[in-house]
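Student: based on what follows, work out the 3D shape:
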Amino acid sequence: MTSSSAPPPVPSPSPGPSGMPGDRGPLRRLTARGRDEAHRAASPLELFFDLCFVVAVAQAGIELVHAVAEGHAGEGILDYAMVFFALWWAWMNFTWFASAYDNDDVLYRVVTLVQIAGVLVLSAGVSRAFGEHEFFVVWLGYLIMRLALAAQWLRAARAGEGQERTTALRYAGGVLACQVGWLGLLFLPEGARPWWFLVMVLLEMCVPPLAEKDRPTSWHPRHIAERYGLFTIIVLGETIAAATVAVKSGVDENDALGELLPIAAGGLLIIFAAWWVYFVVPIHSHLRSNRQAFLWGYGHYLVFASAAAVGAGLEVAVEQTVGKAHISTLSASAAVTLPTALYLLTLWALHSRHFKSGIAQQLVLPTTALLVICCTFLGDWAVLAAGVVCALSVVAGETLALRRAARAAGAARADGQTTPTG
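Tutor: Predicted structure coming up:
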């Protein structure tokens with residue numbers, strides 16, 4: 001993103017009856033919200049937005065399961081990465097815009113609901129994107145979302161002045177230009193599409209730093225941290241739901257409870273540990289400027305995608321165990337352990353390492369990721385072993401944190417006893 005300092009403070013308007021800024025008329029100016037707002041929390045509309053996005057994430061996960069189970073892991077992962085980027089990027093753009101400009105008036109709500117409709121259209125095209133490499137419906141859903149977002153930025157530009165107006169206009173122009181570029185996925189030869197996808201990803205990710213190079217938007221650190229945390233919870237919840245359905249189907253159709261219990265137990269331990277390590281640190285205090293916050297936000301593509309892929313991997317492991325997936329045990333185990341390791345490494349690099357002190361604390365998550373990968377080779381016990389390793393990493397992390405706190409408290413007491421009193 002940009003290396004600029006934190007956005008200039010914006011005075012917070014007086015909240016209305018429901019906590020939103022300004023009066024409660026049906027239409028209000030879409031002006032920037034203040035970074036100093038107290039008790040800024042996700043709105044019901046944002047939570048609804050997230051819930052509808054999970055429908056699309058679930059569809060992508062289902063198609064990834066089918067691809068891996070049929071022995072087309074490479075092709076399935078590529079399609080999954082492309083579809084998930086469209087979902088994640090649209091979600092992220094909405095989230096950061098809402099953090100800076102959400103005024104909760106009628107027009108803002110309606111345009112957001114249009115974006116949700118685009119998500120559902122995109123979801124309907126996921127199967128064709130995976131099975132037939134036909135991206136028209138996905139592109140159409142993305143077009144609906146992006147046109148709505150551009151309209152929001154144009155509305156913000158109309159209400160803004162000076163550099164704030166310029167920033168909003170740059171965003172609107174960048175969004176629309178990139179949407180035209182995505183037409184390449186419809187007309188280019190199939191072999192060229194992955195390369196064009198990479199080009200478009202780079203162009204999309206260049207829009208925010210170019211738009212905000214003169215004036216950053218006034219996103220709210222606590223609000224951003226909460227929004228990302230909530231989406232992480234939703235993705236992990238979808239992962240649990242998908243794995244539960246897979247285990248239930250395996251038990252009902254094949255009476256294979258004994259074989260599936262290690263996968264179920266290991267999967268739960270992995271997901272519980274994934275939740276724990278994400279929320280153990282107050283990340284909002286790290287989000288001080290665009291340099292920290294946007295790099296952190298971009299990196300969450302891997303956090304969200306790997307968390308969702310863990311659920312798909314658990315489904316693959318279940319299908320392989322009951323004989324539905326014609327792949328090796330090693331491949332089925334890797335479908336769980338590799339995304340788990342990626343989640344842990346990415347989370348450490350973006351999130352946890354900023355709050356770790358000493359080599360021992362810093363090595364907990366990287367070491368855990370390495371051990372989880374080693375678990376891949378343990379055959380039918382791979383998933384359970386990976387889950388145990390993840391659980392033990394939580395224990396190790398908490399133990400080291402407690403010891404550090406105890407040492408700090410002891411040093412403070414000793415310092416207090418030796419300080420002259422007068």
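
Student: so the most centrally placed residue in the chain: helix, strand or coil?
Tutor: Note on the chain: the residue nearest the mean C-alpha position is residue 304, at 3.6 Å, using Cα atoms, centre = their mean. Secondary structure, DSSP: H, G, I helix; E, B strand; the rest coil: residue 304 is helix.

Student: hang on, it packs against residue 235?
Tutor: Yes - using Cβ atoms under 8 Å, residue 304 is in contact with residue 235, at 5.6 Å. Heads up, the C-betas are built off the backbone N, CA and C, glycines and all.

Student: overlap in contacts of the two?
Tutor: By the contact definition Cβ atoms under 8 Å, 6 or more residues apart in numbering, residue 304 and residue 235 are jointly contacted by residue 57.

Student: and the residue nearest to residue 393 when sequence neighbours are not counted, how far from residue 117?
Tutor: Nearest non-adjacent residue to residue 393, counting by Cβ to Cβ, 6 or more residues apart in numbering: residue 368, 3.9 Å away. Remark: distance between residue 368 and residue 117 (Cβ to Cβ, to the nearest Å) = 41 Å.

Student: looking at these two, which is more packed in?
Tutor: Of the pair residue 368 and residue 117, residue 368 is the one with more neighbours under other Cβ atoms under 10 Å, namely 26 against 15.

Student: wait, the more buried one sits on residue 391?
Tutor: No - taking contacts as Cβ under 8 Å, residue 368 lies outside contact range of residue 391: 9.9 Å.

Student: which strands and helices lie in contact with the helix or strand harbouring residue 382?
Tutor: Take DSSP states H and E as the rule and residue 382 turns out to sit in helix 382-418. For helix 382-418, the packing partners by 3 or more Cβ pairs under 8 Å, 6 or more residues apart in numbering; DSSP states H and E come out as helix 257-279, helix 329-350, helix 359-375.

Student: kindly recompute the last result at 10 Å.
Tutor: For helix 382-418, the elements it packs on are helix 257-279, helix 290-321, helix 329-350, helix 359-375, judged by 3 or more Cβ pairs under 10 Å, 6 or more residues apart in numbering; DSSP states H and E.

Student: possible to save these as a markdown table with distance to residue 43 and mean pLDDT?
Tutor: Formatted as a markdown table, the helices and strands packed on helix 382-418 follow (distance: least, Cβ to Cβ, whole Å; pLDDT from 0 to 100):
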| stretch | distance to residue 43 | mean pLDDT |
| --- | --- | --- |
| helix 257-279 | 21 | 90 |
| helix 290-321 | 19 | 89 |
| helix 329-350 | 25 | 93 |
| helix 359-375 | 32 | 92 |
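
Student: so which of these gets nearest residue 207?
Tutor: Minimum separation from residue 207 across those (Cβ to Cβ) falls at helix 290-321, 11.4 Å.

Student: now do the closest one and helix 329-350, the angle between them.
Tutor: Counting by axes from the mean of the first three to the mean of the last three Cα atoms, to 10 degrees, helix 290-321 points 160 degrees away from the direction of helix 329-350.

Student: confirm that residue 239 sits in a strand.
Tutor: No - applying three-state DSSP, one finds residue 239 to be helix, outside a strand.

Student: shouldn't it be in contact with residue 313?
Tutor: Yes - contact between residue 239 and residue 313 holds when scored by Cβ atoms under 10 Å: they sit 9.2 Å apart.

Student: separation between residue 328 and residue 41?
Tutor: 47 Å.

Student: could you do residue 33 as well?
Tutor: 13 Å.

Student: neighbour count for those two, which is higher?
Tutor: A count of neighbours by other Cβ under 10 Å puts residue 33 above the other of residue 33 and residue 41, at 26 against 13.

Student: so the more buried one touches residue 219, yeah?
Tutor: Yes - under the criterion of Cβ under 10 Å, residue 33 makes contact with residue 219 at 8.9 Å.

Student: common neighbours of these two, please.
Tutor: 98-101 (Cβ atoms under 10 Å, 6 or more residues apart in numbering).

Student: residue 239 and residue 313 - which one has more neighbours?
Tutor: More neighbours surround residue 313 than the other of residue 239 and residue 313, with 30 against 27 (other Cβ under 10 Å).

Student: show the contacting residues for that one.
Tutor: 61, 64-65, 68, 239, 242-243, 267, 270, 306, 332-340, 383.

Student: that older thread, and for residue 239 and residue 313, which residues touch both?
Tutor: Here residue 239 and residue 313 have 61, 267, 270, 339 as joint contacts, going by Cβ under 10 Å, 6+ apart.

Student: these: which two are farthest apart?
Tutor: Farthest-apart pair in the shared contacts of residue 239 and residue 313 is 61 and 270; separation 15.3 Å (Cβ to Cβ).

Student: these two: which is more packed in?
Tutor: Taking other Cβ under 10 Å, residue 61 and residue 270 do not tie; residue 270 has more neighbours (32 against 25).

Student: if I look at the more buried one, how far off is residue 52?
Tutor: 26 Å.

Student: just residue 147 next, same as before
Tutor: 17 Å.

Student: same thing with residue 65?
Tutor: Between residue 65 and residue 52 the distance is 21 Å, computed by Cβ to Cβ.

Student: okay, those two: which has more neighbours?
Tutor: Shown here are residue 65 and residue 52; by other Cβ under 10 Å, residue 65 has more neighbours (25 against 16).

Student: OK, contacts around that one?
Tutor: Contact partners of residue 65, counting by Cβ under 10 Å, 6+ apart, are 76, 80, 242, 246, 309, 311-316, 318-319, 325, 335.

Student: now, the most widely separated pair of these?
Tutor: 80 and 318 (18.4 Å).

Student: who has more neighbours out of the two?
Tutor: Neighbours per residue (other Cβ under 10 Å) separate residue 80 from residue 318, with residue 318 holding more: 31 against 24.
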